[in-house]
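Participant: Starting from these lines, generate the structure:
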Amino acid sequence: MAVPGDRSCRPVMPCGAGTWGDIPIDASTIHVDGSYAGGGSDGSIDKPWTTISDAVAAAPSGGLVAVAAGSYAESVTLTKTIQLWGVCPERVELAGTASGFGALFFRSGSSGSEVRGVAVTGDAGAGIVISGAENILLEQVWVHDALGRGVNIEDTLGATSATLRTVLIEGSHALGVLVGGASATLVNVVVRDTLPRASDQDFGRGIEILDASPGPVTITGSVVERNHDAGIAIAGSQATVEGVVVRDTLPNASNERAGIGIGIKSSAETRAPSFALVRSSLLDHNHEAGAYLIESQGTFEGVVVRRTQPRASDQQYGWGMGIQGDPAAGAPATALVRSSLVEDCHDVGLLVAASDATLEGLVVRRTLPQASDAFFGWGVLIQVEPSGSAPAKAIVRGSFVDQSVETGLGVMGADATVDATIVRATATRAADGAFGDGVTVTSVGFGDVVVPASATLTHMLVEQHARAGISNFGASVSLGASDSVCNTIHLNGEIFLTPYTFQNLGGNRCGCPEAILDACAVQTSGLVPPDPP
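Facilitator: Alright, predicted model coming up:
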């Protein structure tokens with residue numbers, strides 16, 4: 001395995017020397033060695049037990065069970081506090097049997113138990129199950145090729161909490177890790193190659209955090225890669241994701257949809273929102289959306305979202321980040337995106353729909369058109385929800401939107417305040433040479449209802465756009481202390497649904513190659529607004 005900070009792959013745990021490696025055995029240790037054939041097992045170093053289950057049954061609460069190399073075909077249930085320590089995961093394998101709920105099952109009475117140096121696999125319902133037990137520690141453990149979920153941490157049997165540290169989970173089915181209604185801390189964990197559920201080819205997610213009301217759930221210094229449907233899915237929970245790489249998430253095998261890096265949404269059952277912090281993390285080469293926040297609150301700080309691929313089923317989407325509310329439920333999303341980079345994504349770099357967002361120190365660059373039809377390729381879009389019932393509002397400051405297609409920064413039926421921001425080099429649509437505006441502000445119509453748009457733009461540099469630096473379609477735009485440089489049209493205003501207005505706040509400059517003070521004149525050129533993605 002390798003986690004952020006490692007320069008090369010390394011064993012989950014070194015094996016040490018001798019039969020017992022680095023296990024801290026003493027006179028009270030209960031020993032297990034599947035190769036022992038002498039009979040009369042009593043757990044001593046000379047007469048070890050040959051199964052882990054017998055050793056656990058014989059050990060006192062709080063006792064240490066040391067496991068020598070071997071493959072142990074059994075499912076083990078813990079109902080008392082045990083330290084279970086194998087010589088190393090490369091040599092000690094617990095292969096769960098089909099009759100077991102989990103190859104290793106922690107339940108009521110086992111709080112405070114610890115497991116180290118063991119590999120877990122087999123035909124049990126899951127690799128490791130923790131329910132009704134608190135303060136469980138899994139450290140230097142390898143869970144692989146589980147018939148069901150890799151690690152299942154769930155409150156079905158009562159209050160549950162666990163810490164996973166230096167754990168490799170790979171080749172599970174349906175879910176690599178589930179945290180349901182429980183508290184969990186994952187540190188230096190790798191979750192990879194989770195496979196779809198065998199019965200219907202659905203799921204295959206890396207980590208799912210579900211209705212974890214006791215929370216929070218924390219994931220740090222970890223890698224989540226080559227899973228299906230979603231790398232990390234958070235629903236109705238409080239979670240922190242820090243220093244994590246989520247990459248190469250594959251679509252759902254049953255319908256070729258999704259493949260999202262991190263999805264954050266409200267609970268499907270209670271509608272309770274999630275509260276998530278994603279910091280200092282990389283979301284690379286996922287599908288449909290790098291990060292998606294729905295009906296919840298999220299902070300993204302120091303996050304890189306890169307190379308999001310289109311949805312496999314229809315080659316649509318491929319967003320960097322999507323922030324979206326649900327107007328039917330009256331539940332907007334609220335987001336802060338700070339000091340982050342979105343690059344080489346498709347369709348829209350960052351979307352704010354029916355939600356409130358603050359974008360600060362954001363770079364969005366090289367947004368590509370939608371792969372299905374070569375349309376769109378917008379850098380940032382702030383828009384009313386398509387029914388027209390829930391507007392969007394955003395503050396953008398100290399940001400840079402570069403090399404978009406059609407529109408760099410779009411405000412559609414929404415309100416935006418933009419300050420100290422550069423919007424540069426928006427290209428026309430390749431299919432027909434249409435559009436190519438730096439900033440587009442447009443009102444939106446839904447039948448007889450017109451949803452107005454407004455934008456206050458200050459201390460901006462808008463340059464090198466193929467059509468217009470700033471285009472206003474039936475909206476209200478206030479412009480101050482800003483430069484429009486080398487655009488085909490610097491300021492364009494069109495009556496669209498309603499008249500447009502430009503308010504000059506002073507200090508504006510226009511021109512090419514040099515911008516000249518008070519040389520900005522609004523033109524009406526018969527331009528049409530783009531359709532929203």
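Participant: And for residue 114, the neighbour number?
Facilitator: If you count neighbours by other Cβ atoms under 10 Å, residue 114 ends up with 16. Bear in mind the C-beta positions are built from the backbone N, C-alpha and C, glycine included.
Participant: which secondary structure elements does the host helix or strand of residue 208 contact?
Facilitator: Taking DSSP states H and E as the criterion, residue 208 maps to strand 205-210. Applying 3 or more Cβ pairs under 8 Å, 6 or more residues apart in numbering; DSSP states H and E, one finds that strand 205-210 makes contact with strand 175-180, strand 183-192, strand 223-225, strand 230-235.
Participant: and that strand, how far out from the chain's middle?
Facilitator: The chain centre lies 10 Å from the centre of strand 205-210; the measure is Cα atoms, centre = their mean, to the nearest Å.
Participant: pretty sure residue 44 is touching residue 28, no?
Facilitator: No: the pair residue 44 / residue 28 is not scored as a contact, 10.5 Å apart, by Cβ atoms under 8 Å.
Participant: Just put the helices and strands packed on strand 205-210 in a markdown table and tack on distance to residue 524.
Facilitator: A markdown table is the format used below for the helices and strands packed on strand 205-210 (distance: least, Cβ to Cβ, whole Å):
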| stretch | distance to residue 524 |
| --- | --- |
| strand 175-180 | 57 |
| strand 183-192 | 56 |
| strand 223-225 | 51 |
| strand 230-235 | 47 |
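Participant: I'd like the distance between residue 199 and residue 227.
Facilitator: Using Cβ to Cβ, to the nearest Å, one gets 18 Å for the distance from residue 199 to residue 227.
Participant: for the residue nearest the centre of the chain, what are its contacts?
Facilitator: The residue lying closest to the centre of the chain (Cα atoms, centre = their mean) is residue 262, at 1.5 Å. Shown in contact with residue 262 (Cβ atoms under 8 Å, 6 or more residues apart in numbering): 230, 231, 232, 233, 234, 241, 246, 278, 283, 290, 291, 292.
Participant: Of the residues you listed, keep whichever come out buried.
Facilitator: The neighbour-count test (16 or more other Cβ atoms under 10 Å) applied to the contacts of residue 262 identifies 230, 231, 232, 233, 234, 241, 246, 278, 283, 290, 291, 292 as buried.
Participant: can you pull the contacts of residue 125?
Facilitator: Neighbour list for residue 125: 100, 101, 102, 147, 148 [criterion: Cβ under 8 Å, 6+ apart].
Participant: Hmm, residue 120 and the fourth one touching each other?
Facilitator: Think residue 147. No: Residue 147 is beyond contact range of residue 120, at 11.5 Å (criterion: Cβ under 8 Å).
Participant: burial count for residue 55?
Facilitator: 25.
Participant: Show me where the stretch 51-200 of the chain has its helices.
Facilitator: Per DSSP state H, counting those that start in this stretch, the stretch 51-200 of the chain carries helices over the ranges 52-58.
Participant: Could you report the neighbour count for residue 105?
Facilitator: Other residues close to residue 105 by other Cβ under 10 Å number 23.
Participant: Beta-bridge partners for it, please?
Facilitator: Counting by DSSP bridges, residue 105 is bridged to residue 77, residue 129.
Participant: Is residue 127 in contact with residue 96, as I believe?
Facilitator: Yes: if you go by Cβ under 8 Å, residue 127 and residue 96 touch, sitting 7.2 Å apart.
Participant: of those two, who's got more company?
Facilitator: residue 127 (32 against 29).
Participant: Which one's more surrounded, residue 147 and residue 120?
Facilitator: residue 120 (29 against 18).
Participant: so who does residue 186 touch?
Facilitator: Residue 186 touches 163, 164, 167, 177, 207, 217, 218, 219, 220, 222, counting by Cβ under 8 Å, 6+ apart.
Participant: now these as JSON lines including neighbour count, pLDDT and distance to residue 59?
Facilitator: Formatted as JSON lines, the contacts of residue 186 follow (neighbours: other Cβ atoms under 10 Å; pLDDT from 0 to 100; distance: Cβ to Cβ, whole Å):
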{"residue": "163", "neighbour count": "17", "pLDDT": "98", "distance to residue 59": "22"}
{"residue": "164", "neighbour count": "27", "pLDDT": "98", "distance to residue 59": "23"}
{"residue": "167", "neighbour count": "27", "pLDDT": "98", "distance to residue 59": "23"}
{"residue": "177", "neighbour count": "31", "pLDDT": "98", "distance to residue 59": "27"}
{"residue": "207", "neighbour count": "32", "pLDDT": "98", "distance to residue 59": "32"}
{"residue": "217", "neighbour count": "26", "pLDDT": "96", "distance to residue 59": "31"}
{"residue": "218", "neighbour count": "17", "pLDDT": "97", "distance to residue 59": "31"}
{"residue": "219", "neighbour count": "28", "pLDDT": "98", "distance to residue 59": "32"}
{"residue": "220", "neighbour count": "19", "pLDDT": "98", "distance to residue 59": "32"}
{"residue": "222", "neighbour count": "25", "pLDDT": "98", "distance to residue 59": "32"}
